[in-house]
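Colleague: My questions are about this predicted structure, shown below with the sequence.
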Amino acid sequence: MLHILFLFSLILTSTHVLAQDFCVANLKGVQTPSGFACKTEETVTINDFVYSGLGVAGNTSNIIKAAVTPAFVAQYPGVNGLGISAARLDLAVGGVVPMHTHPAATEILYVEHGHITAGFISSANKAYYRTLKKGDIMVFPQGLLHFQINAGKRPSVAIVSFNSPLPGLQILDFALFANDLPSSLVEKVTFLDDAQVKKLKGVLGGTG
């Protein structure tokens, strides 16, 4: 897995010119669009550059039967300013990561085991998708809607990498139906009827 993450870092990392060797995030400070302020070098330790969380399976006991374990700057302060981060994706049988987007990053997904149907929709509304097997990788361009579905009969696991320490996330279904917009407005922008909108808001925790 380590050599795969190293490969991802080479592929995804943009050119980031730092005036110093690194800028480990001071998570007690204020986050800005350019990241966190740096810890003083005297307070930096090896623990800032090592993260073991991706070795632990995520809890898939939820409505989507999926779990994402992030290694973003908040969990892994050593990536601050380096233009790279990672995450682990666990998909139980029947698990799905619904249509979503990462506004600040391109993503590469590596299937560690299992079978995952994954795809994205271009700005021209063309779908690109395939069922991936162990060892396959797929790239999802920055900002485009994409998804992952467990296509097998056993749990699947993938490791993903991003070219940002904080890629951002917006899940389409939750954006539409877990909000507090009045149902009448949601009906107009989705072309769904009142009963459908209220049912989805009820399932996903929306109000209005």
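Modeller: Nice, thanks for sending it over.
Colleague: residue contacts, residue 176?
Modeller: Residues near residue 176 by CB atoms under 8 Å, 6 or more residues apart in numbering: 186, 190, 200. Where C-beta positions appear, they are placed from N, C-alpha and C, glycine not excepted.
Colleague: Ok, residue 27 next?
Modeller: Per CB under 8 Å, 6+ apart, neighbours of residue 27: 36, 73, 74, 77.
Colleague: Next one, pLDDT for it please.
Modeller: Residue 27 is assigned 94 on the pLDDT scale.
Colleague: ok, now how distant is it from residue 103?
Modeller: 22 Å (CB to CB, to the nearest Å).
Colleague: same check, this time on residue 143
Modeller: For residue 143, the distance to residue 103 - CB to CB - is 6 Å.
Colleague: So between the two, which is more surrounded?
Modeller: Taking residue 143 and residue 103 together and counting by other CB atoms under 10 Å, residue 143 has the greater number of neighbours (15 against 11).
Colleague: got the contact list for the more buried one?
Modeller: So residue 143 contacts 101, 102, 103 (CB under 8 Å, 6+ apart).
Colleague: Work out the gap between stretch 163-177 and the centre of the chain.
Modeller: 7 Å (CA atoms, centre = their mean, to the nearest Å).
Colleague: buried residues in it?
Modeller: Within stretch 163-177, the residues that count as buried by 16 or more other CB atoms under 10 Å are 163, 164, 165, 166, 167, 169, 171, 176, 177.
Colleague: Sitting in strands, which of the residues you listed do you find?
Modeller: Among these, the ones falling in strands (DSSP state E) are residue 171.
Colleague: Could you export the buried residues of stretch 163-177 as a markdown table, including distance to residue 132 and pLDDT?
Modeller: Listed next are the buried residues of stretch 163-177 as a markdown table, based on distance: CB to CB, whole Å; pLDDT from 0 to 100:
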| residue | distance to residue 132 | pLDDT |
| --- | --- | --- |
| 163 | 20 | 95 |
| 164 | 23 | 94 |
| 165 | 26 | 93 |
| 166 | 26 | 91 |
| 167 | 20 | 94 |
| 169 | 21 | 94 |
| 171 | 21 | 93 |
| 176 | 27 | 92 |
| 177 | 28 | 92 |
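Colleague: and which of the buried residues of stretch 163-177 is nearest residue 45?
Modeller: residue 165 (18.4 Å; CB to CB).
Colleague: do you know how far the closest one is from residue 80?
Modeller: From residue 165 over to residue 80 (counting by CB to CB), the distance is 6 Å.
Colleague: what is in contact with these two at once?
Modeller: Common neighbours of residue 165 and residue 80 (CB under 8 Å, 6+ apart) are 25, 35, 73.
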